[in-house]
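# here's a sequence, model it:
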Amino acid sequence: MAKTPTKKRKPSAAFMKPVQPDDKLAAVVGEKPLPRTELTKKLWVYIKKNGLQDKKKRTMINADDALKAVFNGKKQVSMFEMTKLVSGHLKK
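Residues are numbered from 1 along each chain as shown. Predicted structure coming up:
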């Protein structure tokens, strides 16, 4: 019995389309348009570099001054809420 070749999964075109961060988000991830996947990676690099992930509850992100502007003034948000708040800082 011959195996059928498995197709490599292609990323969704919507995720690969570059998005433009607004000024508040650009302070964290840079000004250049980039795909959502890269934007999320850069955001996590920033969070880990600055030790902003909560030590006890790892799903929570503690905001510094730059992230507080992105998080609409909140001091702490969950990872899931973070993605929702970040999408509000993308220029259309």
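# distance of T40 from L34?
10 Å (C-beta to C-beta, to the nearest Å). (Each C-beta comes from the backbone N, C-alpha and C, glycine too.)
# let me fix that, I meant to ask about M79.
20 Å.
# repeat that for S78.
24 Å.
# same check on N62?
24 Å.
# check contacts around V77.
M60, I61, A63, F71, L85 (C-beta atoms under 8 Å, 6 or more residues apart in numbering).
# for ChimeraX, write the select line for the buried members of the residues you listed.
Paste this into ChimeraX to select the buried members of those, with burial taken from 16 or more other C-beta atoms under 10 Å:
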select :60,61,63,71
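# in strands only, show me the contacts of V77.
M60, I61 (DSSP state E).
# which among the contacts of V77 gets closest to Q53?
Nearest to Q53 among the contacts of V77: I61, at 6.2 Å, using C-beta to C-beta.
# show me the contacts for the closest one.
Counted by C-beta under 8 Å, 6+ apart, I61 has contacts I47, L52, Q53, D54, L67, Q76, V77, S78, M79, M82.
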